[in-house]
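Chemist: Test case, fold it:
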Amino acid sequence: MIIISIILLIACMIASLSLGARVVSFQELMDGLFNHNNESYGANVVRKRFSRTIFSLLCGAALGVAGALMQAVTRNPLADPSILGVNTGAALFVVCGIAFLNISTANQYIWLALIGSELTAAFVFGIGSMGRGGATPIKLVLAGAATTAALSSLVTTVMIPNSYAMDQFRFWQLGSVGSATWSSIATFFPFLIIGILIALITAPALNALALGDDAATGLGVRPGFLRLGAAIGGVILCGAATALAGPIGFIGLLSTHAMRLILGPDLRFLIPMSAITGAIILTMSDVIGRLVASPGELEVGVVTAFIGAPILIILAKKSKVRSL
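Modeler: Purely as a prediction, here's the structure:
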């Protein structure tokens, strides 16, 4: 499975570099990648697409791992990072930054989005932890859904009277990797590493958590502390990707669920494979968006919604799984 995934990943990279409004030949692809003295139009197109391709792969990997973490935290195989209000919290802080602070750089976006994501996730986790039984999957889902609805209303409230914020935000809200630069990649990369490290470190304990809180406690796991740590890792990954690419849906949901059907529930294998699958899905969706709307471009967030929704329904009907 790993070999097949790596082959698909390489194929996606080649397709992303070669296809679009301007299809480049194999020779132009090689010149763009390895012959820096070649300044032909085709070679320059490849070089400009290279940063976009790398950014797409990294964002897809981040969203895939975030999906695996959120599904493990909530013990719900159909959960998405947005289950804790991460996307909406990031969106609220970004639109407030655009409207009131005139932010415009990737570094400003990412810090505001992370703050919004962390505060929202902490709020949802706190609400979901109240009452008997602590932070149960059902209470987390309900708290996340209610918080998302409330924050979405606030986003609209901030945008409507501010035309500048609305113009800036509507493009970001669609979700796109087209504006990727090496600077934004450098800004995003440390957060990706931190989030993946948290995911890998917590994976064995999250496997125990899937047995239930009582069983996990008997194995020496602290469920509340573990959920908080894993949720922070998911928030970092999803918040950073959302800040720079916009709220792209279905990647974390689809990649992790598909890998679980193939590999089983062991997160030690599921997390790295979800990263690879997420990168494949997002990169291919970006290529499809370029080809379908050529010579223009269809934003990748729209493509993932069209592709992800029907596939998710099919997977959900086949799996018939209610909880991990």
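
Chemist: Report the buried residues of the longest helix seen in the chain.
Modeler: Ranked by number of residues, the top helix in the chain under DSSP state H is helix 41-74. For helix 41-74, burial by neighbour count (16 or more other Cβ atoms under 10 Å) applies to 42-43, 45-47, 49-74. Quick note: C-beta positions are derived from backbone N, CA and C, even for glycine.

Chemist: which helices and strands does that helix pack with?
Modeler: helix 2-18, helix 26-34, helix 137-159, helix 182-209, helix 223-245, helix 251-263, helix 267-292 (3 or more Cβ pairs under 8 Å, 6 or more residues apart in numbering; DSSP states H and E).

Chemist: tell me the most buried of those helices?
Modeler: helix 223-245 (a mean of 26; mean count of other Cβ atoms under 10 Å).

Chemist: now that one: mean pLDDT?
Modeler: Helix 223-245 carries an average pLDDT of 86.

Chemist: which strands and helices sit next to it?
Modeler: Secondary-structure packing of helix 223-245 (3+ Cβ pairs under 8 Å, 6+ apart): helix 41-74, helix 86-96, helix 106-129, helix 182-209, helix 213-218.

Chemist: Turn these into CSV, columns for distance to residue 291 and mean pLDDT.
Modeler: Output for the helices and strands packed on helix 223-245, formatted as CSV (distance: least, Cβ to Cβ, whole Å; pLDDT from 0 to 100):
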stretch, distance to residue 291, mean pLDDT
helix 41-74, 13, 90
helix 86-96, 27, 85
helix 106-129, 27, 84
helix 182-209, 24, 91
helix 213-218, 46, 79
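
Chemist: CSV for the ones you listed, including distance to residue 311?
Modeler: Listed next are these as CSV, based on distance: least, Cβ to Cβ, whole Å:
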stretch, distance to residue 311
helix 41-74, 14
helix 86-96, 20
helix 106-129, 26
helix 182-209, 24
helix 213-218, 32
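
Chemist: picking up where we left off before, figure out which of the helices and strands packed on helix 41-74 is closest to residue 124.
Modeler: helix 137-159 (4.7 Å; Cβ to Cβ).
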